[in-house]
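Student: pasting a predicted model and its sequence here:
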Amino acid sequence: MQIGKFIKYIIICITFLLCGCLYSCEDSSKTKVSLKEDDKVQTEELKVEYEADNNKDSAQDNTMIYVYICGEVENPGVYQVEDGARLYQVVELAGGISENAADDYLNLAECVEDGQKIIVPSEEDAEQLEQSDKESASGLVNINTADEEKLTTLPGIGTSKAKCIIAYRESKGKFQTIEELMQIEGIKEGVFNKVKDMITVK
């Protein structure tokens with residue numbers, strides 16, 4: 001009888017041990033599956049975030065801007081280009097420069113900006129612009145190229161005298177000397193002495 005009870009006790013213990021092992025294996029399997037599912041979810045989330053960042057970067061890289069080009073180009077107008085585009089690319093879109101263009105006046109390698117107005121000057125315009133730059137640097141007013149607004153900055157030269165100066169050079173050509181300014185009606189020695197150190201004909 002004691003042997004039979006002992007055997008039953010052993011069987012019960014073995015049964016409990018087997019049940020414990022099976023439960024432990026099943027729980028471990030569930031944990032592994034759960035971890036795999038969590039890893040999969042995290043991987044999908046990272047993938048979505050990565051794609052979103054890539055799309056955002058791509059959208060930023062492809063930002064478009066608008067520039068207006070006119071002057072000595074074949075097809076002046078407003079053109080759409082990518083942000084960071086160079087001036088030469090805009091010139092190409094406009095059909096290239098004309099025969100009269102001062103192709104070396106502009107820096108074709110510079111980047112253009114949104115809303116920028118680009119004027120391609122002719123050779124004649126470029127010469128006048130360069131002359132104006134020199135005059136601005138020297139502080140002298142060139143009476144052969146100055147407009148009405150610029151001429152009226154001179155002492156004793158009002159709107160009417162400025163118009164007379166412009167009319168004179170249009171009818172008789174450029175001033176050869178600054179003293180020739182006294183040929184203008186209303187500009188005599190008194191006015192000339194006030195402006196002679198402020199003007200040039202070159």
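Tutor: Ah, there it is.
Student: and the strands in the protein?
Tutor: Under the criterion DSSP state E, the chain contains strands at 64-71, 77-82, 117-120, 141-142, 199-200.
Student: quick one, helices of this protein?
Tutor: 2-61, 87-93, 123-138, 148-151, 159-172, 189-195 (DSSP state H).
Student: buried sites along the fifth one?
Tutor: Within helix 159-172, the residues scored as buried using 16 or more other C-beta atoms under 10 Å are 161-162, 164-165, 168-169. The way it works is simple: take the backbone N, C-alpha and C, and place the C-beta from them, glycine included.
Student: tell me the one among these nearest to Thr145.
Tutor: Lowest distance from Thr145 to these (C-beta to C-beta) belongs to Arg169, with 9.1 Å.
Student: how about that closest one, what does it touch?
Tutor: Each residue near Arg169 by C-beta atoms under 8 Å, 6 or more residues apart in numbering is listed here: 143-144, 175.
Student: of those residues, the lowest pLDDT goes to which?
Tutor: Confidence by pLDDT is poorest for Asn144 among the contacts of Arg169, given 90.
Student: Pro76 versus that one, what's the distance?
Tutor: Going from Asn144 to Pro76 by C-beta to C-beta, to the nearest Å gives 29 Å.
Student: so Glu185 touches Lys163, yeah?
Tutor: No - contact criterion C-beta atoms under 8 Å: Glu185 and Lys163 do not qualify, at 11.1 Å.
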